[in-house]
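1. Pasting a predicted model and its sequence here:
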Amino acid sequence: MARKKIIAGNWKMNKTPSEAKELAALLAPLVNNPDVDVVYCVPAIDIVPVAEAIRGTNVQLGAENLSDQNSGAFTGEISADMLLDAGVKYVIIGHSERRQYYHEDDAFLNRKVLKALEKGLIPILCCGETLEQREAGVTLDWISLQIKSDLQGVTAEQVAGMVIAYEPIWAIGTGRTATSDQAEEVCAAIRRTIAEIYDAGTAEKVRIQYGGSMNAGNCKELLAKPDIDGGLIGGAALKEEFGRIVNYNK
Ligand code: PGA
(Lines give C-alpha, C1' and ligand atoms only; values in the text may rest on other atoms or scores of the structure.)
Protein backbone atom coordinates (compact mmCIF):
# COMPACT_ATOMS: atom_id res chain seq x y z
CA MET A 1 0.00 0.00 0.00
CA ALA A 2 1.25 3.47 -0.87
CA ARG A 3 2.34 5.59 2.05
CA LYS A 4 0.14 8.63 2.64
CA LYS A 5 2.10 11.86 2.52
CA ILE A 6 2.40 13.78 5.78
CA ILE A 7 3.08 17.52 5.81
CA ALA A 8 3.73 18.92 9.28
CA GLY A 9 4.35 22.51 10.27
CA ASN A 10 6.87 23.05 13.04
CA TRP A 11 5.91 26.41 14.48
CA LYS A 12 8.94 26.44 16.84
CA MET A 13 8.82 29.26 19.42
CA ASN A 14 6.47 31.46 17.43
CA LYS A 15 2.92 32.74 18.00
CA THR A 16 1.21 33.70 21.22
CA PRO A 17 -2.03 31.85 22.00
CA SER A 18 -4.17 34.51 20.36
CA GLU A 19 -1.89 34.74 17.31
CA ALA A 20 -1.84 30.94 17.08
CA LYS A 21 -5.61 30.76 17.04
CA GLU A 22 -5.71 33.32 14.24
CA LEU A 23 -3.06 31.55 12.15
CA ALA A 24 -4.69 28.14 12.60
CA ALA A 25 -8.02 29.53 11.42
CA LEU A 26 -6.41 31.40 8.51
CA LEU A 27 -4.64 28.26 7.28
CA ALA A 28 -7.43 25.73 7.86
CA PRO A 29 -9.30 26.29 4.55
CA LEU A 30 -5.99 26.38 2.64
CA VAL A 31 -4.77 22.98 3.82
CA ASN A 32 -7.76 20.88 2.90
CA ASN A 33 -6.13 18.11 0.84
CA PRO A 34 -7.51 14.60 1.47
CA ASP A 35 -4.39 13.03 -0.08
CA VAL A 36 -2.20 14.38 2.71
CA ASP A 37 -2.07 14.13 6.51
CA VAL A 38 -1.73 17.72 7.73
CA VAL A 39 -0.28 18.43 11.17
CA TYR A 40 0.42 21.64 13.06
CA CYS A 41 3.12 21.10 15.69
CA VAL A 42 2.72 24.09 17.96
CA PRO A 43 4.21 25.51 21.19
CA ALA A 44 2.75 23.90 24.31
CA ILE A 45 0.80 26.96 25.36
CA ASP A 46 -0.83 27.15 21.91
CA ILE A 47 -2.10 23.56 21.92
CA VAL A 48 -5.46 24.27 23.55
CA PRO A 49 -6.43 27.32 21.46
CA VAL A 50 -5.23 25.65 18.23
CA ALA A 51 -7.16 22.46 19.06
CA GLU A 52 -10.27 24.62 19.27
CA ALA A 53 -9.49 26.48 16.04
CA ILE A 54 -9.01 23.30 13.98
CA ARG A 55 -12.03 21.42 15.32
CA GLY A 56 -14.00 19.95 12.40
CA THR A 57 -11.14 20.39 9.91
CA ASN A 58 -8.71 17.80 8.50
CA VAL A 59 -5.82 19.30 10.47
CA GLN A 60 -4.24 17.19 13.22
CA LEU A 61 -2.39 18.46 16.22
CA GLY A 62 1.23 17.93 17.17
CA ALA A 63 3.48 19.02 20.03
CA GLU A 64 7.11 20.08 19.74
CA ASN A 65 8.39 18.17 22.76
CA LEU A 66 7.33 15.90 25.63
CA SER A 67 8.73 14.67 28.93
CA ASP A 68 10.27 11.23 29.22
CA GLN A 69 8.50 10.94 32.61
CA ASN A 70 4.86 10.17 33.43
CA SER A 71 4.08 12.88 35.99
CA GLY A 72 5.28 14.44 39.23
CA ALA A 73 8.12 16.68 40.33
CA PHE A 74 9.55 17.72 36.95
CA THR A 75 9.08 21.48 36.93
CA GLY A 76 8.45 22.93 33.50
CA GLU A 77 7.87 19.62 31.76
CA ILE A 78 4.79 18.47 29.80
CA SER A 79 3.66 14.86 29.94
CA ALA A 80 2.29 12.61 27.24
CA ASP A 81 -1.00 12.33 29.14
CA MET A 82 -1.36 16.12 29.16
CA LEU A 83 -0.76 16.26 25.41
CA LEU A 84 -3.19 13.43 24.70
CA ASP A 85 -5.90 14.97 26.84
CA ALA A 86 -5.55 18.23 24.89
CA GLY A 87 -6.04 16.40 21.57
CA VAL A 88 -2.43 15.99 20.46
CA LYS A 89 -1.64 13.05 18.16
CA TYR A 90 1.96 13.65 17.01
CA VAL A 91 5.06 14.84 18.84
CA ILE A 92 8.37 16.06 17.43
CA ILE A 93 11.28 14.35 19.18
CA GLY A 94 14.97 15.11 18.72
CA HIS A 95 14.79 18.24 16.62
CA SER A 96 18.35 19.47 16.04
CA GLU A 97 17.56 22.66 17.96
CA ARG A 98 16.78 20.57 21.06
CA ARG A 99 19.83 18.38 20.52
CA GLN A 100 22.07 21.42 20.07
CA TYR A 101 20.73 24.07 22.47
CA TYR A 102 19.26 21.84 25.18
CA HIS A 103 21.81 19.03 24.98
CA GLU A 104 19.26 16.28 24.43
CA ASP A 105 21.32 13.21 23.64
CA ASP A 106 20.30 9.97 21.95
CA ALA A 107 19.79 8.06 25.22
CA PHE A 108 17.39 10.74 26.46
CA LEU A 109 15.63 10.97 23.09
CA ASN A 110 15.27 7.20 23.07
CA ARG A 111 13.40 7.44 26.40
CA LYS A 112 11.13 10.11 24.92
CA VAL A 113 10.39 7.96 21.87
CA LEU A 114 9.55 4.99 24.10
CA LYS A 115 7.35 7.16 26.34
CA ALA A 116 5.45 8.63 23.39
CA LEU A 117 4.82 5.18 21.91
CA GLU A 118 3.84 3.65 25.26
CA LYS A 119 1.21 6.39 25.64
CA GLY A 120 -0.05 6.30 22.05
CA LEU A 121 1.48 9.46 20.61
CA ILE A 122 3.12 9.24 17.18
CA PRO A 123 6.74 10.40 17.31
CA ILE A 124 8.14 12.53 14.52
CA LEU A 125 11.75 11.57 15.18
CA CYS A 126 14.26 14.02 13.72
CA CYS A 127 17.78 13.28 12.57
CA GLY A 128 20.31 15.18 10.53
CA GLU A 129 23.95 15.99 9.95
CA THR A 130 25.98 19.19 10.29
CA LEU A 131 27.70 20.78 7.31
CA GLU A 132 31.05 19.58 8.66
CA GLN A 133 29.79 16.00 8.78
CA ARG A 134 28.45 16.25 5.23
CA GLU A 135 31.74 17.64 3.97
CA ALA A 136 33.65 14.91 5.80
CA GLY A 137 31.54 12.29 4.02
CA VAL A 138 30.10 10.74 7.19
CA THR A 139 26.42 11.72 6.69
CA LEU A 140 24.98 8.25 6.12
CA ASP A 141 26.95 6.66 8.98
CA TRP A 142 25.93 9.46 11.34
CA ILE A 143 22.24 9.28 10.47
CA SER A 144 22.23 5.50 10.80
CA LEU A 145 23.82 5.80 14.25
CA GLN A 146 21.22 8.37 15.36
CA ILE A 147 18.34 6.21 14.14
CA LYS A 148 19.71 3.03 15.73
CA SER A 149 20.32 4.78 19.06
CA ASP A 150 16.96 6.57 19.17
CA LEU A 151 14.99 3.42 18.30
CA GLN A 152 16.49 1.10 20.95
CA GLY A 153 13.72 -1.09 22.35
CA VAL A 154 11.11 0.07 19.82
CA THR A 155 9.20 -2.81 18.21
CA ALA A 156 8.72 -3.29 14.47
CA GLU A 157 5.00 -2.66 14.83
CA GLN A 158 5.67 0.60 16.67
CA VAL A 159 8.25 1.87 14.20
CA ALA A 160 5.95 1.10 11.26
CA GLY A 161 3.53 3.73 12.56
CA MET A 162 6.20 6.34 13.26
CA VAL A 163 7.39 9.30 11.24
CA ILE A 164 11.09 10.01 10.79
CA ALA A 165 12.19 13.46 9.65
CA TYR A 166 15.50 13.89 7.88
CA GLU A 167 16.62 17.46 8.50
CA PRO A 168 20.14 18.41 7.47
CA ILE A 169 21.15 21.02 10.03
CA TRP A 170 22.78 23.20 7.38
CA ALA A 171 19.43 23.48 5.58
CA ILE A 172 17.29 24.48 8.56
CA GLY A 173 16.18 28.10 8.43
CA THR A 174 19.02 28.96 6.08
CA GLY A 175 17.15 29.07 2.77
CA ARG A 176 19.66 26.47 1.61
CA THR A 177 17.62 23.36 0.76
CA ALA A 178 19.18 19.99 0.13
CA THR A 179 18.77 19.07 -3.53
CA SER A 180 16.06 16.51 -4.12
CA ASP A 181 18.78 13.96 -4.91
CA GLN A 182 20.67 14.68 -1.66
CA ALA A 183 17.44 14.42 0.33
CA GLU A 184 16.40 11.21 -1.41
CA GLU A 185 19.81 9.63 -0.85
CA VAL A 186 19.53 10.05 2.91
CA CYS A 187 15.81 9.20 3.16
CA ALA A 188 16.48 5.98 1.22
CA ALA A 189 19.39 5.22 3.56
CA ILE A 190 17.12 5.72 6.58
CA ARG A 191 14.69 3.21 5.08
CA ARG A 192 17.56 0.76 4.55
CA THR A 193 18.60 1.23 8.17
CA ILE A 194 15.05 0.41 9.30
CA ALA A 195 15.08 -2.68 7.07
CA GLU A 196 18.41 -3.68 8.61
CA ILE A 197 17.20 -3.28 12.22
CA TYR A 198 13.72 -4.70 11.58
CA ASP A 199 12.66 -6.02 8.17
CA ALA A 200 11.81 -4.79 4.66
CA GLY A 201 8.05 -4.78 5.31
CA THR A 202 8.45 -2.48 8.31
CA ALA A 203 10.78 -0.20 6.35
CA GLU A 204 8.16 0.12 3.60
CA LYS A 205 5.57 1.33 6.12
CA VAL A 206 7.49 4.02 8.02
CA ARG A 207 6.95 7.54 6.70
CA ILE A 208 10.06 9.62 6.15
CA GLN A 209 9.88 13.40 5.83
CA TYR A 210 12.41 15.86 4.54
CA GLY A 211 12.82 19.15 6.42
CA GLY A 212 15.06 22.17 5.91
CA SER A 213 13.94 25.25 3.99
CA MET A 214 11.17 23.35 2.22
CA ASN A 215 8.85 25.81 0.53
CA ALA A 216 6.16 26.14 -2.12
CA GLY A 217 8.82 26.38 -4.82
CA ASN A 218 10.86 23.26 -4.05
CA CYS A 219 8.32 20.95 -2.39
CA LYS A 220 7.00 19.36 -5.56
CA GLU A 221 10.37 18.04 -6.65
CA LEU A 222 11.27 16.82 -3.16
CA LEU A 223 7.92 15.11 -2.62
CA ALA A 224 8.18 13.34 -6.00
CA LYS A 225 11.10 11.27 -4.70
CA PRO A 226 10.22 7.67 -3.87
CA ASP A 227 11.49 7.71 -0.28
CA ILE A 228 10.30 11.21 0.69
CA ASP A 229 6.85 10.83 2.22
CA GLY A 230 6.31 14.36 3.42
CA GLY A 231 7.84 17.47 4.88
CA LEU A 232 8.56 19.06 8.23
CA ILE A 233 8.16 22.74 7.53
CA GLY A 234 9.48 25.57 9.73
CA GLY A 235 9.41 29.10 8.33
CA ALA A 236 6.91 28.42 5.54
CA ALA A 237 4.43 26.84 7.99
CA LEU A 238 3.70 30.26 9.49
CA LYS A 239 2.37 31.70 6.25
CA GLU A 240 -0.33 31.09 3.66
CA GLU A 241 2.42 29.40 1.68
CA PHE A 242 1.88 26.32 3.88
CA GLY A 243 -1.37 25.75 2.01
CA ARG A 244 0.50 25.63 -1.31
CA ILE A 245 2.92 23.05 0.11
CA VAL A 246 0.07 20.86 1.36
CA ASN A 247 -1.53 21.12 -2.10
CA TYR A 248 1.73 20.31 -3.91
CA ASN A 249 -0.07 17.71 -6.06
CA LYS A 250 -2.83 19.98 -7.38
P1 PGA B 1 12.78 25.48 8.12
O2 PGA B 1 12.73 24.59 9.44
O3 PGA B 1 11.70 24.97 7.19
O4 PGA B 1 12.52 26.89 8.59
O5 PGA B 1 14.13 25.32 7.51
C6 PGA B 1 12.48 23.21 9.38
C7 PGA B 1 12.57 22.61 10.76
O8 PGA B 1 13.44 23.00 11.53
O9 PGA B 1 11.76 21.73 11.12
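-> Yep, that arrived. Not measured: the values here are computed from a predicted model. Numbers count the residues shown, from 1 in each chain.

2. burial of Ser18, as a residue count?
-> Other residues within reach of Ser18 by the criterion other CB atoms under 10 Å amount to 10. Any C-beta I mention is one placed from the backbone N, CA and C, and that applies to glycine too.

3. same check, this time on the one 10 residues further on
-> Taking other CB under 10 Å as the neighbour definition, Ala28 ends up with a count of 19.

4. That one against Thr57, yeah?
-> Yes - with contact defined as CB atoms under 8 Å, Ala28 and Thr57 form a contacting pair (4.6 Å).

5. quick one: the residue lying farthest from the centre of the chain from Lys119, how far?
-> Relative to the centre of the chain, and counting by CA atoms, centre = their mean, the farthest-placed residue is Ala73 at 28.1 Å. Ala73 sits 19 Å away from Lys119, taking CB to CB, to the nearest Å as the criterion.

6. residues in contact with the residue in the chain that the ligand sits nearest to?
-> For the chain, the residue positioned closest to the ligand under CB to the nearest ligand atom is Gly234, at a distance of 2.2 Å. Contact partners of Gly234, counting by CB atoms under 8 Å, 6 or more residues apart in numbering, are Gly9, Asn10, Lys12, Ile172, Gly173, Gly211, Ser213.

7. which residues in this protein form strands?
-> All strands of the chain, identified by DSSP state E, fall at 5-10, 36-42, 59-63, 90-93, 122-127, 163-166, 207-211, 230-233.

8. Format those strands as a markdown table; extra columns: mean pLDDT.
-> Compiled in a markdown table, the strands of the chain are given as follows (pLDDT from 0 to 100):
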| stretch | mean pLDDT |
| --- | --- |
| strand 5-10 | 98 |
| strand 36-42 | 98 |
| strand 59-63 | 98 |
| strand 90-93 | 99 |
| strand 122-127 | 98 |
| strand 163-166 | 98 |
| strand 207-211 | 98 |
| strand 230-233 | 98 |
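
9. Comparing these, which stretch has the densest surroundings?
-> strand 230-233 (a mean of 30; mean count of other CB atoms under 10 Å).

10. which strands and helices sit next to that strand?
-> Secondary-structure packing of strand 230-233 (3 or more CB pairs under 8 Å, 6 or more residues apart in numbering; DSSP states H and E): strand 5-10, strand 207-211, helix 219-223, helix 241-246.

11. Flag the shaky bits of this structure, pLDDT-wise.
-> Under the criterion of pLDDT under 70, the regions of the chain flagged as low confidence span 1.

12. The protein against the ligand: which residues are in contact?
-> 10, 167, 172-173, 211-214, 232-236 (CB under 6 Å from any ligand atom).

13. Which helix runs longest in this protein?
-> With DSSP state H setting the assignment, residue counts place helix 180-197 as the longest helix in the chain.

14. Residues contacting that one, please?
-> Applying CB under 8 Å, 6+ apart, the external contacts of helix 180-197 come out as 127, 139-140, 143-144, 147-148, 151, 159, 164, 166, 168, 178, 202-204, 206, 208, 210, 218, 221-222, 224-228.

15. ok and it relative to strand 122-127, angle-wise?
-> Computed with axes from the mean of the first three to the mean of the last three CA atoms, to 10 degrees, the direction of helix 180-197 lies at 110 degrees from that of strand 122-127.

16. Once you drop chain neighbours, what's closest to Pro49?
-> For Pro49, ignoring the flanking residues on the chain, the nearest one in space by CB to CB, 6 or more residues apart in numbering is Lys21 at 4.3 Å.
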